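Colleague: Kindly generate the corresponding structure for this input.
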Amino acid sequence: MALKNIKVVDLSRLIAGPYCGMLLADMGAEVIKVEKPIGEDTRHVPPLVESDSLYTSSLNRNKRAVTIDFRHEQAKPVLKRMFEWADIIIENFRPGTLEKMGFSPEYIHEFNPRAIIVRCSGFGQTGPYKSRPGFDPIAQAMGGIMSLTGKEEDPPLMCGTSVIDYTTGLNAAVGALSALHSRHDTDKGQVVDVSLYESAVSMLLSAIPNYYINKTLPERTGNQDRYSAPANTYKAKDGWVYINAFSDKLWAVLCESIGKEKLKSDARFNTVSKRVDNVNEINKIIDNWVKTRTKNDIVNYLTEKGVPCGPVQNVDEILKDEHLLEREQIIYVEHPTAGEIPLSGINAKLSNTPGKIRYHPPLVGEHNKEVYLNEFSFTNEEYDILLKNKVI
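Modeller: Numbering: from 1, shown residues only. Below is the predicted model:
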């Protein structure tokens, strides 16, 4: 596997850090999930199976799980052994917490100069906001994402999933892999600093220079694309479809496909900018055509004609999607208490060194003994002392 022999200590919780660790684990890294003895807070977030959360199961596959009481007076030497073992350390404490635990990056690099320390936080390790607590919705709000989402007449809208957390986790994984590549030349590790706030701002892309040059703030347009038309969701007999005929060529094909050939030369619609200006009229025309047909009929017909489109699917439909199943993007994994559960598969499909599922989502501390003894090189006697003293 691509990341075989790369060792990761994952101290993180919630989403961004664990998602980074999962991405590395999927590609073969040996990732050890480190939690407090009762488990991270999200272990208890519904939906639950027995006493374990499907929330954490979805983010911690391919990891082995151990516990430690971070606040215990005997925890520091145990953590030091973990950090000596690791190629990559992932944490998403509030900035300064790792230092208060006695493990500044400078100190870690004294005993493990090759360690890559991935630090995920709300606002980054520096700057006037660094001490603020930060979560995905706060980053969506402050980073401009909410101001772009929803309809103009409605309040700013939060995305339906934790898009900033996942983007930050991706950024963290890219940073970790970049630092690994750099280490081949320097033989030295470094700190990777990623934040939710900056991940959100990075997704604004052209809105930033557009405002600077044209002083134009983007409006909320719902599902309607800002820069092309038709590009929107339309209600069919049995649900919704998304149709995007963004170019002049695709507009012509769409007109022919729905029996409206005359619209191709209509002066109101013969350029992209004119179609955007007259988008409400276009949407009414397409609405009338779509509403008498089913989702599958529309998608099959327009796809055959070459018009980009797709059904708006819920989770039930996604689990049955033949394309996702064939590409192993819906996979079934054994859970220790729930039995077989479906999860989203491995996104990056490498031709020569593909990722794979090696470990089921672990229970709290499920691998304490095997990891402390075999990976962190504790003796049986040392392990028994940790148990007796409730360090782990």
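Colleague: For the chain, give the helix that spans the most residues.
Modeller: helix 163-186 (DSSP state H).
Colleague: Could you list the alpha-carbon positions for the next helix or strand along the chain from that helix in PDB?
Modeller: Using DSSP states H and E, the helix or strand that follows helix 163-186 in sequence is strand 191-195. Extracted C-alpha coordinates of strand 191-195, given in PDB (Å, rounded to 0.1, in the frame of the first residue of the first chain):
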ATOM      1  CA  VAL A 191       4.600  21.400  11.600                       C
ATOM      2  CA  VAL A 192       1.500  21.400   9.400                       C
ATOM      3  CA  ASP A 193      -0.900  24.200  10.500                       C
ATOM      4  CA  VAL A 194      -4.500  24.100   9.000                       C
ATOM      5  CA  SER A 195      -7.600  25.800  10.100                       C
END
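Colleague: Numbering from 620 from now on, please.
Modeller: Shifting the count to begin at 620 puts that one at strand 810-814.
Colleague: elements contacting strand 810-814?
Modeller: On a contact count with 3 or more CB pairs under 8 Å, 6 or more residues apart in numbering; DSSP states H and E, strand 810-814 meets strand 735-740, helix 782-805. To be clear about C-beta, it is placed using only N, CA and C from the backbone, and glycine gets the same treatment.
Colleague: Could you say which of those is packed most deeply?
Modeller: Neighbour counts (mean count of other CB atoms under 10 Å) averaged over each of the helices and strands packed on strand 810-814 peak at strand 735-740, with a mean of 26.
Colleague: Can you give the contact residues for the helix or strand following that one?
Modeller: Using DSSP H and E, the next helix or strand after strand 735-740 towards the C-terminus is helix 755-761. Helix 755-761 is contacted from outside by 634, 741, 764-765, 768, 775, 777-778, 781-784, 814-816, 818-819, using CB atoms under 8 Å, 6 or more residues apart in numbering.
Colleague: Columns mean pLDDT and distance to Val653 on top of the helices and strands packed on strand 810-814, output as JSON lines?
Modeller: Below are the helices and strands packed on strand 810-814 laid out as JSON lines (pLDDT from 0 to 100; distance: least, CB to CB, whole Å):
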{"stretch": "strand 735-740", "mean pLDDT": "98", "distance to Val653": "14"}
{"stretch": "helix 782-805", "mean pLDDT": "98", "distance to Val653": "16"}
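Colleague: Could you look up the SS state of Phe689?
Modeller: Secondary structure, DSSP: H, G, I helix; E, B strand; the rest coil: Phe689 is coil.
Colleague: Touching, it and Glu659? I think so.
Modeller: No: checked against CB atoms under 8 Å, the pair Phe689 and Glu659 is beyond contact range at 11.2 Å.
Colleague: Settle it for me: which of those two has more neighbours?
Modeller: For Phe689 and Glu659, the more surrounded residue by other CB atoms under 10 Å is Glu659, and the numbers stand at 21 against 18.
Colleague: Just want the most central residue of the chain.
Modeller: Note on the chain: the residue nearest the mean C-alpha position is Tyr785, at 2.1 Å, using CA atoms, centre = their mean.
Colleague: Leaving out chain neighbours, which residue sits closest to it?
Modeller: Take Tyr785 and drop its neighbours on the chain: the residue closest to it by CB to CB, 6 or more residues apart in numbering is Tyr638, 5.8 Å away.
Colleague: Equivalent analysis for Tyr830, please.
Modeller: Nearest to Tyr830 is Leu836, by CB to CB, 6+ apart, at 6.2 Å.
Colleague: Doesn't that neighbour belong to a strand?
Modeller: No: when classified by three-state DSSP, Leu836 is found to be coil rather than part of a strand.
Colleague: What lies in contact with stretch 655-669?
Modeller: Stretch 655-669 is contacted by residues 632-633, 654, 670-676, 686-689, 954, 956-957, 960, 983-984, 1009, 1011 when judged by CB under 8 Å, 6+ apart.
Colleague: give me that answer again for 10 Å
Modeller: If you take CB atoms under 10 Å, 6 or more residues apart in numbering as the criterion, stretch 655-669 is touched by 630-634, 637, 652-654, 670-676, 678-679, 684, 686-691, 954-958, 960, 982-984, 987, 1009-1011.
Colleague: In helices only, show me the residues you listed.
Modeller: Pro637, Leu673, Tyr674, Thr675, Ser676, Asn987.
Colleague: Apart from its neighbours in sequence, what residue is nearest the residue lying farthest from the centre of the chain?
Modeller: Largest separation from the mean C-alpha position in the chain: Lys881, at 44.7 Å (CA atoms, centre = their mean). Nearest residue to Lys881 in three dimensions, chain neighbours excluded: Cys874, at 7.9 Å (CB to CB, 6+ apart).
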